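>>> return a 3D structure for these sequence lines:
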Amino acid sequence: MTRQLIGACHARPAASLCVQAARRPRLLNRPQRAATTPSRLCSVRSKAATKAECPDVEAEAKATLAWTAEDWASAFKGAPSEYDYAIEDVEGTIPAELDGTVYLAGPANFKRGTTEYSHWLDGDGAVVALSFRGGRAHVRMRFVRTDAFRREAEEDQVLYRGTFGTNKEGGWQANFLDVSSKNTANTAVIAWGGKLLVLWEAGLPHLLDKGTLDTISTFDFRHAACRPLKNGVAPSSTGIPQIDDMLGDMFGDAVGAHTRVDPRTQRL
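Residues are numbered from 1 along each chain as shown. Below you'll find the predicted structure:
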């Protein structure tokens, strides 16, 4: 049976999302600098591996002290495009028994039209799947196509307010009384109940296809909760369900996005 390895990433910037450099994946959450960035996928090495085969971690850490402000800023550049390819440039050997997929999520787009987002946590989310099977590796990255993402991509402008200060176009007049907040789907990704969900703490999760990473829909836990969760304009409630229902789509539910292990069951 294939074991699925789940990597829950808490709002890492685009550089950690395997943003490709010369068609090679980025596997570490650090700026893109050619002199210190590994260009190949390092395999799990045996104790007999020499220092020449496996770069000294301490030396590599010291090299980061030479990074400039521009190097660090590169971590917050948007991903130029989606990608899907087999990793051919491998250092060493990928163990044949390594069989499964690691998923990562984080903000990966920080601009629409001529408007740059005010904060990187307002960035549109993307998910990366790094899969291993039969001694080979494959990487795939897709943006989470929320309703807001699709509409802004079509219009090529900011149409929604962000939680961390990004305002939609139109000045204060267009933003003053707008209580809505864009679900960026950029905080974490989990496998739950046989489903792949990408999370954002102020709204509903989005359901993705585990293989293609295509966005299917928002997920309201309809078959797992006492009542389906509500996808409202604002991720808040009056605390009185009857009043919430009277207000229609004004208020909705939110799902925590920072995963943790249940101490009783020892499960995610």
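>>> how close does the nearest residue to residue 109 once chain neighbours are set aside sit to residue 260?
Ranked by Cβ to Cβ, 6 or more residues apart in numbering and with sequence neighbours excluded, the top spatial neighbour of residue 109 is residue 124, at 4.0 Å. C-beta coordinates here come from the backbone N, C-alpha and C atoms, glycine included. Counting by Cβ to Cβ, to the nearest Å, the gap from residue 124 to residue 260 is 25 Å.
>>> ok so, going back, isn't the residue nearest to residue 109 up against residue 106?
No. Taking contacts as Cβ atoms under 8 Å, residue 124 lies outside contact range of residue 106: 10.3 Å.
>>> who has more neighbours, residue 124 and residue 260?
residue 124 (27 against 8; other Cβ atoms under 10 Å).
>>> what's that one sitting at in phi/psi?
Residue 124 adopts backbone torsions of phi -70, psi 140, taken as degrees, to the nearest 10.
>>> could you do residue 131 as well?
According to degrees, to the nearest 10, residue 131 has phi -110, psi 140.
>>> who's it bridged to?
residue 101, residue 138 (DSSP bridges).
>>> where's it relative to residue 122, distance?
For residue 131, the distance to residue 122 - Cβ to Cβ - is 29 Å.
>>> the two: who's more crowded?
residue 122 (24 against 20).
>>> checking the closest residue to that one other than its chain neighbours next. Helix, strand or coil?
Spatial nearest neighbour of residue 122, chain neighbours left out: residue 162 (3.2 Å); criterion: Cβ to Cβ, 6+ apart. Three-state call for residue 162 (DSSP: H, G, I helix; E, B strand; the rest coil): coil.
>>> got a list of what residue 162 touches?
Neighbour list for residue 162: 117, 118, 119, 121, 122, 181, 182, 184 [criterion: Cβ atoms under 8 Å, 6 or more residues apart in numbering].
>>> by neighbours, which of these wins?
Greatest neighbour count in those, by other Cβ under 10 Å, goes to residue 184: 28 neighbours.
>>> about what we covered before: and the residue nearest to residue 122, what are its phi and psi?
phi -100, psi 160.
>>> local confidence estimate at it?
The model reports residue 162 with a pLDDT of 86.
>>> where along this structure do the helices fall?
Secondary structure of the chain (DSSP state H): helices located at 57-63, 69-73, 147-155, 171-175, 241-246.
>>> in the second one, what's buried?
Yep, that's helix 69-73 we're talking about. residue 71 (16 or more other Cβ atoms under 10 Å).
>>> equivalent analysis for the third one, please.
Using 16+ other Cβ under 10 Å as the burial criterion, the residues of helix 147-155 that qualify are 148, 149, 152.
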